[in-house]
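A.B. asks: predicted model and sequence below, questions to follow.
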Amino acid sequence: MTRTLEERNANLAAARALIAAGWCRGSYAEDEAGQALGSEQINDETARASPPVCYCARGALVRVLNLPDDRNSGHTPESAAISTVARRYWRDSEITVNDEAQSVAEVLTLFDLAMQEPL
């Protein structure tokens with residue numbers, strides 16, 4: 001999957017904005033009733049009762065990249081940058097960073113640092 005640095009960073013910024021508007025832990029996304037949504041439900045309107053209102057780090061990437069589910073999200077330049085930063089600064093995966101974060105600020109920092117990574 002080839003993207004320019006600008007394209008990758010635009011996608012990371014869009015995912016960051018989704019998280020800033022509504023963040024969750026323990027599921028890819030949640031709807032307005034607090035119902036957990038699987039990665040395959042994020043972009044499939046027929047698979048959910050209402051749209052997501054909050055996202056985890058991986059769920060936001062699935063949404064922005066319009067992926068059918070999480071199976072291929074790890075093979076994107078966006079995910080590579082997030083994973084590199086998570087391992088470097090938190091010594092763990094982005095999923096663990098998201099789910100164990102004390103606040104949304106930690107997750108937003110993960111995205112800010114990822115946007116500084118080279119391709």
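C.D. replies: Sure, I can see it. Numbers count the residues shown, from 1 in each chain.
A.B. asks: over to the nearest residue to residue 24 once chain neighbours are set aside. Which of the three states is it?
C.D. replies: Nearest residue to residue 24 in three dimensions, chain neighbours excluded: residue 54, at 4.3 Å (CB to CB, 6 or more residues apart in numbering). Any C-beta I mention is one placed from the backbone N, CA and C, and that applies to glycine too. At residue 54 the chain is in strand, as set by DSSP: H, G, I helix; E, B strand; the rest coil.
A.B. asks: which residue sits closest to residue 15, ignoring its sequence neighbours?
C.D. replies: Once flanking residues are discounted, residue 15 sits nearest to residue 60: 3.8 Å by CB to CB, 6+ apart.
A.B. asks: put the alpha carbons of the helix or strand harbouring that neighbour into CSV.
C.D. replies: Using DSSP states H and E, residue 60 sits in helix 57-64. Coordinates of each C-alpha in helix 57-64 appear next as CSV, following Å, rounded to 0.1, in the frame of the first residue of the first chain:
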residue,chain,number,x,y,z
ALA,A,57,-7.0,3.7,18.2
ARG,A,58,-7.4,0.8,15.9
GLY,A,59,-11.1,1.4,15.3
ALA,A,60,-10.4,4.9,14.3
LEU,A,61,-7.9,3.7,11.7
VAL,A,62,-10.5,1.1,10.4
ARG,A,63,-13.0,3.9,10.0
VAL,A,64,-10.7,6.4,8.3
